[in-house]
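> Sequence and predicted structure below; questions after.
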Amino acid sequence: NAGVTQTPKFRVLKTGQSMTLLCAQDMNHEYMYWYRQDPGMGLRLIHYSVGEGTTAKGEVPDGYNVSRLKKQNFLLGLESAAPSQTSVYFCASGMTGGAGRYFGPGTRLLVL
Amino acid sequence: GENVEQHPSTLSVQEGDSAVIKCTYSDSASNYFPWYKQELGKRPQLIIDIRSNVGEKKDQRIAVTLNKTAKHFSLHITETQPEDSAVYFCAATAAGNKLTFGGGTRVLVKP
């Protein structure tokens, strides 16, 4: 049982480049989330999913897209990276009703 | 949407003393309130949670209280130890099972 995993761990992009961050969970959780955490700041919700094939916007969705084609995977895409997207990205998953929010180890992204 | 305020932003305590962190929320429909501990460079880890039908919950040295009427909840850490030094986040559910986080409290336990 690996819990929540994220790929890659660290990435450097140039402005305008695109990339996809992968989150995978093996706990059969319905709910999956993408958060970003800027230095010294709290966690802000980017997008989330309440089940396979569903996605919804969070607090800061602009510049990001997501897909949940399989229950265990939640992908976060940056189509045209900007320096303002330099951050640590955390994926989380949970069960219906709010219990058991498990976080992945994070992806550190630097956009130059 | 939901708004969660957390105080204080930093807290320094002597080893063995108690630490209290307070959060307020805006959405009266929120019904789940978890607390997370985040060590430097690590992921947030759930340490305790409480549901709206419970007023208090305790797990060893940590406890959480909830006042639904006033829309605030608190984390209490007793007999603090150096390994309790970390950033602590409160959170509350909003519509659609989204978690909204407070801004965090940096706790430093001085030996």
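Yep, that arrived.
> Summarise which helices and strands the helix or strand bottoming out on mean pLDDT in chain B is packed against.
Every helix and strand of chain B was ranked by mean pLDDT, DSSP states H and E. The lowest is strand B:99-101, at a mean of 88. Counting contacts by 3 or more CB pairs under 8 Å, 6 or more residues apart in numbering or on different chains; DSSP states H and E, strand B:99-101 packs against strand A:43-49, strand B:86-93. Bear in mind the C-beta positions are built from the backbone N, C-alpha and C, glycine included.
> If we use 10 Å, what do you get?
Counting contacts by 3 or more CB pairs under 10 Å, 6 or more residues apart in numbering or on different chains; DSSP states H and E, strand B:99-101 is packed against strand A:31-37, strand A:43-49, strand B:4-7, strand B:32-38, strand B:86-93.
> Direction included, what does the shortest one pair against?
Just to be clear, that refers to strand B:4-7. Using DSSP bridges, the strands paired with strand B:4-7 are strand B:19-25 (antiparallel).
> Would you mind measuring from the residue sitting nearest the centre point of chain A to chain B?
Closest residue to the average C-alpha location of chain A: A:W34 at 3.1 Å, with CA atoms, centre = their mean. Relative to chain B, A:W34 is positioned 12 Å away (CB to the nearest CB, to the nearest Å).
> Bridged to that residue, which residues?
The residues listed as beta-bridge partners of A:W34 by DSSP bridges are A:H47, A:C91.
> coming back round to it: to A:Q72, which of the helices and strands packed on strand B:99-101 lies closest?
When those are compared by CB to CB, strand A:31-37 sits nearest A:Q72, at 8.9 Å.
> Just the pLDDT for B:S52.
If you check B:S52, the pLDDT there is 81.
> was I right about it contacting B:D27?
No. Contact between B:S52 and B:D27 fails when scored by CB atoms under 10 Å: they sit 11.2 Å apart.
> Find the residues that touch each one of those two.
When contacts are counted by CB atoms under 10 Å, 6 or more residues apart in numbering or on different chains, B:S52 and B:D27 have B:A92, B:T93 as shared neighbours.
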